[in-house]
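Asks: dropping a prediction and its sequence here:
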Amino acid sequence: MVYSKEQHSKDVVEKYDAVVIGAGFSGLYMLYRLREAGLSTKVYDSAAGVGGVWYWNRYPGARCDSESIYYNYTFSEELYKEWNWSSRYPEQPEILRYLNFVADKFDLRRDIQFNTRVNSAKYDEELNQWFIKTDDGRTVSAQYFITGIGCISTANLPNIKGLDNFEGEWYHTGHWPHEKVDFSGKRIGIIGTGSSGIQSIPVIAKEAAHLTVFQRTPQFSVPAQNHPYDSEYLRKTKENFHDLKRQMRESMAGVSMYYRDRSVLDDASEERRKVLEDAWEKGGWAILFAYNDLVTNEESNELVANFVRSKISEIVKDPETARKLTPTHYYATKRAIIDTDYFETYNRENVSLVDVKESPIQEITAKGIRTADDEYELDTIVFATGFDGMTGSFFKMDIRGRDGVSLKEKWANGAETRTYLGLTTAGFPNMFMITGPESPSVLGNMPVAIEQHVEWIMNCIEHLRENDIKFIEAKTEAEDLWSKQCRELADQTLYTKTASWYTGANIEGKPGGFQIYVGGYGPYRKICDEVAEKGYEGFLLIPS
Ligand code: NAP
């Protein structure tokens, strides 16, 4: 729908240069940069505070899987040096404190409207404005419309029969309440063993009377080897700020770590075992970087997968439980998870495992969960069932570009997601997506991906303003080519051979498709920079 001029003056309460959705890592930095460049900006977030995913994911044990020295902004040296992380992998409250600290330091809150959801955003060609409607009944307009909505923020609550009948309490890890959930003395059931499940299971198990884990697909996980940071380590890291920042930005995954220039197949079995044992002891992402062909060579992947499988059977005492916990898919093609005492938790007396592939969940009853073979009485059910990733949050809004075309229709509900560089999409002028589909985003350390996008978008907007350009829009040929390149690159890896949320397979009825650029953060940055240097190659730039 195109707004008429009358509607425009009737409905629109405020006019901005830019509207940004989301007050997480993306939205906060975007606001900072837009304000610094002198653009009037409004940010909306449905949460009551800043933080994005870190506002909502408050489940027990929630923490980041990037090391904290990397998992923060590097745009401000002063900020980097002011903040002290307590440990290698701090918990969610500390990350949320950091984001609040950033919001306070740069006085960002005055341009953010919390508790407000954006329902629709429509581009009016004649006025060259985006009209953004929020759930408080207001409409604002802006020349630039920017999404900072994250890649995994729309919770997936599976459609299991009978949840309404359940007499106990239930929670989703991605929408956890602010007050502490008390598990003590209770029978808890948790559905899902992805990152969220694997982080929360050991913590809930310590408190609950009994924890039953309902597992659909067993997961690979390696120890985080989390530990407190000492002040000397932090001092040295901060001293090294400029090198660290450069390394993170040039690297493949946004961290100062490099793939060893060696195939898994280059090492004889004894040497390989030693390398992998060392990596296991180092913890975190060390195994991922131990070799360079983990996600591209089936044989290499299988050797590393077998190493992790052997660890599971060493740790888990009951052979039948160990069997059920042993994954069969390619290692690291679902998110490579890191944990604290995950497999060890299955040795506890008060923890049991139900394989719901062997015995599917049939319904949720008033008293608990009924599978094909048994009924489990529960006081509380925790859904650690993940997110409708990449496109889910876009489709919750009615986003319409030129000629009233909806993004959901253009992307055929996800089956035909097409972007140019994961930043823009044809038919949606002056709309930018921070870490949109077909950018590297979730295949690395997100703040680095976010900073790169924000800086690219800001440079682009400044270019438009300096050159009196009314709008920028991706050309269809450029986005077709980019999407094709993304798919071809992904097809050279094992990612596309595993059902995961990366491929949309976790959402019933969601069309499949791997919508992430797998070529690495550093190479991707170069591509984006070159596009800009060549006068925004692949874009239409229309003068005022
Ligand atoms: P996820 O990886 O998608 O895991 C969801 C789990 O729920 C899977 O085990 C899935 O089984 C299961 N499941 C979904 N629907 C089900 C159903 N109907 N019946 C039974 N089981 C069902 O979600 P997540 O654990 O929330 O993690 C999502 C992503 O968020 C991660 O990959 C990561 O990128 C990010 N994250 C990061 C951190 C961190 O930094 N440490 C923490 C949490 C999340 P299947 O595998 O069979 O689909």
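Replies: Noted; the coordinates are in hand. It should be emphasised that the depicted structure is a prediction, and the values quoted were computed from it without experimental measurement. Numbering: from 1, shown residues only.
Asks: and the residue in the chain that the ligand sits nearest to, how many residues sit next to it?
Replies: Nearest residue of the chain to the ligand, counting by C-beta to the nearest ligand atom: Gly194, 2.1 Å away. All C-beta spots, glycine's among them, are computed from the backbone N, C-alpha and C. Residues near Gly194, counting by other C-beta atoms under 10 Å, number 22.
Asks: enumerate the residues of the stretch 301-450 of the chain near the ligand.
Replies: 335, 356, 361, 384-387, 442 (C-beta under 6 Å from any ligand atom).
Asks: out of the residues you listed, which are inside strands?
Replies: Ile361 (DSSP state E).
Asks: and the furthest pair within the residues of the stretch 301-450 of the chain next to the ligand?
Replies: Taking C-beta to C-beta as the measure, these reach their widest spread between Ile361 and Val442, a distance of 27.4 Å.
Asks: need the contact list for the residue lying closest to Leu303 once chain neighbours are set aside.
Replies: Leaving aside its sequence neighbours, Leu303 sits nearest to Val264 (C-beta to C-beta, 6 or more residues apart in numbering; 5.2 Å). Applying C-beta atoms under 8 Å, 6 or more residues apart in numbering to Val264 gives the contacts 272, 291, 293-294, 297, 299-301, 303-304.
Asks: try Arg63
Replies: Listed by C-beta under 8 Å, 6+ apart, the contact set of Arg63 reads 89-92, 95, 199, 224, 226.
Asks: am I right that Cys528 is in contact with Ile457?
Replies: No. Applying C-beta atoms under 8 Å, one finds Cys528 not in contact with Ile457, separated by 10.1 Å.
Asks: for the closest residue in space to Lys497 that isn't next to it in sequence, give its distance to Ser263.
Replies: In this structure, Lys497 finds its nearest non-sequential neighbour in Tyr330, 6.4 Å apart by C-beta to C-beta, 6+ apart. According to C-beta to C-beta, to the nearest Å, Tyr330 and Ser263 sit 16 Å apart.
Asks: how's the chain carved up into domains?
Replies: 5-154+389-543, 163-240+297-383 (automatic domain parsing).
Asks: next SSE downstream of the longest helix along the chain?
Replies: Determined from DSSP state H, the single longest helix within the chain is helix 446-466. Sequence-wise, the next helix or strand downstream of helix 446-466 (DSSP states H and E) is strand 469-474.
Asks: quick revisit: look at Tyr330 and Ser263 and report which has more neighbours.
Replies: Neighbour totals were compared for Tyr330 and Ser263, and Tyr330 leads with 20 against 15 (other C-beta under 10 Å).
Asks: for Ala412, list the residues it contacts.
Replies: Ala412 makes contact with Pro511, according to C-beta under 8 Å, 6+ apart.
Asks: what does the one 10 residues further on give?
Replies: Residues counted as contacts of Gly422 (C-beta under 8 Å, 6+ apart) are 433, 435-441, 517.
Asks: if we can go back for a sec, pull the distance from the longest helix of the chain to the chain's centre.
Replies: The chain centre lies 19 Å from the centre of helix 446-466; the measure is C-alpha atoms, centre = their mean, to the nearest Å.
Asks: ok, residues contacting stretch 266-283?
Replies: For stretch 266-283, using C-beta under 8 Å, 6+ apart, the contacting residues are 222-226, 264, 286-287, 289-291, 303-304, 307, 311, 338.
Asks: of these, buried ones?
Replies: The neighbour-count test (16 or more other C-beta atoms under 10 Å) marks 222-224, 226, 264, 286-287, 289-291, 303-304, 307, 311, 338 as buried among the contacts of stretch 266-283.
Asks: now, which of those residues lie within strands?
Replies: Judged by DSSP E, the subset of those located in strands is 222-223, 338.
Asks: redo those residues as JSON lines? Include pLDDT and distance to Tyr144.
Replies: Shown next, in JSON lines, are these (pLDDT from 0 to 100; distance: C-beta to C-beta, whole Å):
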{"residue": "Val222", "pLDDT": "98", "distance to Tyr144": "42"}
{"residue": "Pro223", "pLDDT": "98", "distance to Tyr144": "44"}
{"residue": "Ile338", "pLDDT": "97", "distance to Tyr144": "37"}
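Asks: out of these, who's nearest Arg348?
Replies: Pro223 (17.1 Å).
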